[in-house]
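A.B. asks: With the sequence up front, the predicted model follows.
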Amino acid sequence: MTEAEDPVLMLRRLAVEFTTPNARFRAVDGVSLNVERGQTLALVGESGSGKSVTTLSILRLLRPPLARIAAGEILFRGRDGRLRDLAQLDERQMRSVRGDQIGLIFQEPMTSLNPVMSVGAQIAQAIRLHRAVSKRAAAAEAQSLLRLVEIDDPARRAASYPHQLSGGMRQRVMIAMAIACRPVLLLADEPTTALDVTVQAQILRLIRRLQREFGMGVLFITHNLGVVAEIADQVAVMYGGQIVESAPVHELFDSPRHPYTRALLASLPDAAAAHTPHQRLRVVPGQVVDPRRLPPGCRFEPRCVRAEEQCRRSGPEVMAASPVHDVRCRRWNEA
Amino acid sequence: MAVERGTTEPLLDVRGLSVHFERSGGFWRRAAPIKAVDDVSFSVHAHEILGLVGESGSGKSTLARAILRLIEPTAGSVRLGGTELLGLEARALRAIRKRMQVIFQDPYASLNPRMTAGENISEGLRLLGEDTRAARAVAVTELLRQVGLPAEAAGRYPHEFSGGQRQRIGIARALAVQPALIIADEPVSALDVSIQAQILNLLLDQQEQRGLALLFIGHDLSVIRHFCDRLLVLYLGRIVEIGTTEAVFANPQHPYTRALLDAAPATHPKRRAPAHAPALELGQRPQGGAGCAFRTRCRYVLPACHGAVPPLRTVAAGHVAACIRTDLPARTEGALS
């Protein structure tokens, strides 16, 4: 991984194991990454890649015995500057971290907001959960948070119920709740996936602005490389529970090394290319890997156009394509 | 291909189509109806792909449903191969329905979970009473081959397939009755990125081989741009712009089209939107007044925009836009920072 500058979060060989009546498998298998203060790391992956399970394990929201952290460390540097392994904390200690020092926003604000409580009251409740302030002060704070997330007429909006707001406005309310306690780390799990592109652009801009103002580290989970291009400083690409490539965003887009990353980027049409209708896209053959049925060698091998005999036998180690660029492929250096 | 356009009759011809929903305005008053689709006219030719874009609430899906007569339009005309669909009685409508088929975003919700893939695919043939059981089985095998699935897939149930495979089954089912028009409503939005390209290429292959007219509803402009021959932009139920995909991307003439193109995420971090760039204002349907529906969000609004709904103005051959301004500054796409 890259040289640590000022990381707020460091995952070290994190493994998450799922146990179901029919199977036991690792949905996350040896994930290491750093989220630097004031920077955004985009964690990119498809269904079954393990990106959302990674987020849930950071917050310790996995449900044992179905899912548990099997190995690794979740090193978090809180406001007090101390480095703690979240994997070792009990539920009481986690409750003081979750929502206070680590904020969370995800795809469906409607499922996380209380439908029978005004949004102002919900934000105030989030504040009072972690800080000893009066109801009146919390209500005033809620309104200034609504202003901070660029909601017009916050006094009136604070009295609104979630169903009275548009999808974009609900996402803003969720962001207001997530940053209410000025977290040092924000986890954003596909926060714009359900939104129209126009609203998505506004929300991405808002997250960038808030990050600049508060210096938060942001772990941004997405499957959309366009969103990555808009928001990320660093990128980590996940496939089959492992990080297969990580690099600064410009380096990743300019010289992707893993065949999977290359294929994903090739399916993003070039903005400068000619407009030809009926244009075929470059295709990654096959199905997305199922973490319950991993191939014996490299996890991308069944879909890989470069696979050779050795790839079928054993998975590659992480290799350094540059001092800041890691890749899990034997043939990364081939054009 | 698009070249033939103008020389042949359109396959689908929609004129003045409106879908208005009545709503209650309270005890004494009657509120104005919601105009989900309002006076929409366009056509699609055989061999042609028309893209339909707009935000949620723009009326895209309502328009598709009105064409299929899954909801009853309030006014207008929908002709398929010269036959007027509106007002057609049930039996005649059933006969003509096989000429138009639909592919939905979520194939899992549209396939019958208690039927095998083969039964799902041949259901349309069976309902039409056209083939014997043996002939249907042959047709299913051939359709599965065309959508890239093995013949054994016929005996399996929808839940045994991945999302991408289910969408292949959805496509096979739509193709089974040999339609002339397919309406695809966000057919890849629910699929993994690496699977989307597979399904889009499959749709293109079948559309070209069969000479289908395809109405493609989507929101991913980077996909639309390399897929569709022409583009129709819908805003609050009205057409704001139609043109060839190339013309609309290169020279968008409606401020809403521009806002949509500007909002699309960059394809490279060096083309990232600058943090200070003005975002499209959050807008609501303007209350009252007869002006342009986009006027409350528009960066180029003039006093005249509050007066009347702007008519569609011809920009160039085949390119129209519903904006009174002819002096929009040239748009620089993906400005380098």
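C.D. replies: Nice, thanks for sending it over.
A.B. asks: Can you give me the neighbour number for the residue in chain B that chain A sits nearest to?
C.D. replies: Residue of chain B nearest chain A, by Cβ to the nearest Cβ: residue B:265 (3.0 Å). For the C-beta atoms, the positions are set from N, CA and C on the backbone; glycine is no exception. Neighbourhood size, residue B:265 [other Cβ atoms under 10 Å in any protein chain shown]: 24.
A.B. asks: So what's the residue count around the closest residue to it other than its chain neighbours?
C.D. replies: Nearest non-adjacent residue to residue B:265, counting by Cβ to Cβ, 6 or more residues apart in numbering or on different chains: residue A:226, 3.0 Å away. Neighbour count of residue A:226, defined by other Cβ under 10 Å: 20.
A.B. asks: now do the one 4 residues further on
C.D. replies: With neighbours defined by other Cβ under 10 Å, the count for residue A:230 comes to 27.
A.B. asks: again, but for the one 3 residues further on
C.D. replies: Number of residues near residue A:233 (other Cβ under 10 Å) recorded here: 19.
A.B. asks: for it, what are its contacts?
C.D. replies: A:36, A:39-41, A:248-249 (Cβ atoms under 8 Å, 6 or more residues apart in numbering or on different chains).
A.B. asks: Mark which of these are part of strands, please.
C.D. replies: Judged by DSSP state E, strands contain the following of the contacts of residue A:233: A:36, A:40-41, A:248.
A.B. asks: so which of the residues you listed comes closest to residue A:6?
C.D. replies: The nearest member of those to residue A:6, counting by Cβ to Cβ, is residue A:36 at 5.8 Å.
A.B. asks: check contacts around the closest residue to residue A:285 other than its chain neighbours.
C.D. replies: Leaving aside its chain neighbours, residue A:285 sits nearest to residue A:303 (5.7 Å; criterion: Cβ to Cβ, 6+ apart). Going by Cβ under 8 Å, 6+ apart, residue A:303 touches A:260, A:284-287, A:289, B:194.
A.B. asks: what residue ranges in the chain score low on pLDDT?
C.D. replies: I went with chain A, as the question did not name one. Along chain A, segments meeting pLDDT under 70 span A:1-4, A:269-275.
A.B. asks: Sorry, I should have been clearer: chain B.
C.D. replies: Scanning chain B for pLDDT under 70 picks out the ranges B:1-7, B:25-30, B:130, B:275-285, B:287-289, B:332-337.
A.B. asks: which residue ranges form the helices in the stretch 1-150 of chain A?
C.D. replies: Assigned by DSSP state H, counting those that start in this stretch, the helices in the stretch 1-150 of chain A fall at A:51-58, A:91-97, A:109-112, A:119-130, A:135-148.
A.B. asks: quick one: contacts of the second one?
C.D. replies: When you say that, I think you mean helix A:91-97. Here helix A:91-97 has contacts from A:59-60, A:76, A:78, A:86, A:89, A:130, using Cβ under 8 Å, 6+ apart.
A.B. asks: can we see that at 6 Å?
C.D. replies: residue A:60 (Cβ atoms under 6 Å, 6 or more residues apart in numbering or on different chains).
A.B. asks: which bits of the stretch 201-337 of chain B sit near chain A?
C.D. replies: By Cβ under 6 Å from any Cβ of the partner chain, the residues of the stretch 201-337 of chain B that approach chain A are B:201, B:204, B:222, B:226, B:228-229, B:245-246, B:249, B:263-269, B:272, B:275, B:279-280, B:334.
A.B. asks: Tell me which of these fall in strands.
C.D. replies: Going by DSSP E, the strands hold none of those.
A.B. asks: Check those residues for burial and list the buried ones.
C.D. replies: Buried by 16 or more other Cβ atoms under 10 Å in any protein chain shown: B:201, B:204, B:222, B:226, B:228-229, B:245-246, B:249, B:263-269, B:272, B:279-280, B:334, out of these.
A.B. asks: Report the separation between the nearest residue to residue A:287 once chain neighbours are set aside and residue A:119.
C.D. replies: In space, and not counting its chain neighbours, residue A:287 is closest to residue B:162: 5.4 Å by Cβ to Cβ, 6+ apart. As for residue B:162, its distance to residue A:119 is 38 Å (criterion: Cβ to Cβ, to the nearest Å).
A.B. asks: just residue B:306 next, same as before
C.D. replies: 32 Å.
A.B. asks: These two - which one has more neighbours?
C.D. replies: For residue B:306 and residue A:119, the more surrounded residue by other Cβ under 10 Å is residue A:119, and the numbers stand at 29 against 14.
A.B. asks: ok, back up a step: so of the helices of the stretch 1-150 of chain A, which one's packed in deepest?
C.D. replies: helix A:51-58 (a mean of 23; mean count of other Cβ atoms under 10 Å in any protein chain shown).
A.B. asks: close enough to count as contact, residue B:295 and residue B:305?
C.D. replies: Yes. With contact defined as Cβ atoms under 6 Å, residue B:295 reaches residue B:305; the gap is 4.5 Å.
A.B. asks: Contact partners for the residue of chain B closest to chain A?
C.D. replies: Here residue B:265 is in contact with A:226-227, A:230 (Cβ under 6 Å, 6+ apart).
A.B. asks: let's see it at 7 Å
C.D. replies: With contacts defined as Cβ atoms under 7 Å, 6 or more residues apart in numbering or on different chains, the neighbours of residue B:265 are A:224, A:226-227, A:229-230.
A.B. asks: re the thing from before, most surrounded residue in the contacts of residue A:233?
C.D. replies: Busiest of the contacts of residue A:233 [other Cβ under 10 Å] is residue A:40, holding 24 neighbours.
A.B. asks: Give the closest residue to it in space, chain neighbours not counted.
C.D. replies: residue A:218 (4.2 Å).
A.B. asks: Not including adjacent chain positions, what is the nearest residue to residue 58?
C.D. replies: All of this is about chain A. Per Cβ to Cβ, 6+ apart, closest to residue A:58 is residue A:74, 5.7 Å.
A.B. asks: wrong one, I was asking about chain B
C.D. replies: residue B:234 (4.4 Å).
A.B. asks: which helices and strands does the helix or strand in which residue A:168 is found pack with?
C.D. replies: Secondary structure from DSSP states H and E places residue A:168 in helix A:167-178. On a contact count with 3 or more Cβ pairs under 7 Å, 6 or more residues apart in numbering or on different chains; DSSP states H and E, helix A:167-178 meets strand A:102-106, helix A:109-112, helix A:119-130, helix A:135-148, helix A:197-214.
A.B. asks: Which element is encountered next along the chain beyond it?
C.D. replies: Next along from helix A:167-178, by DSSP H and E: strand A:185-189.
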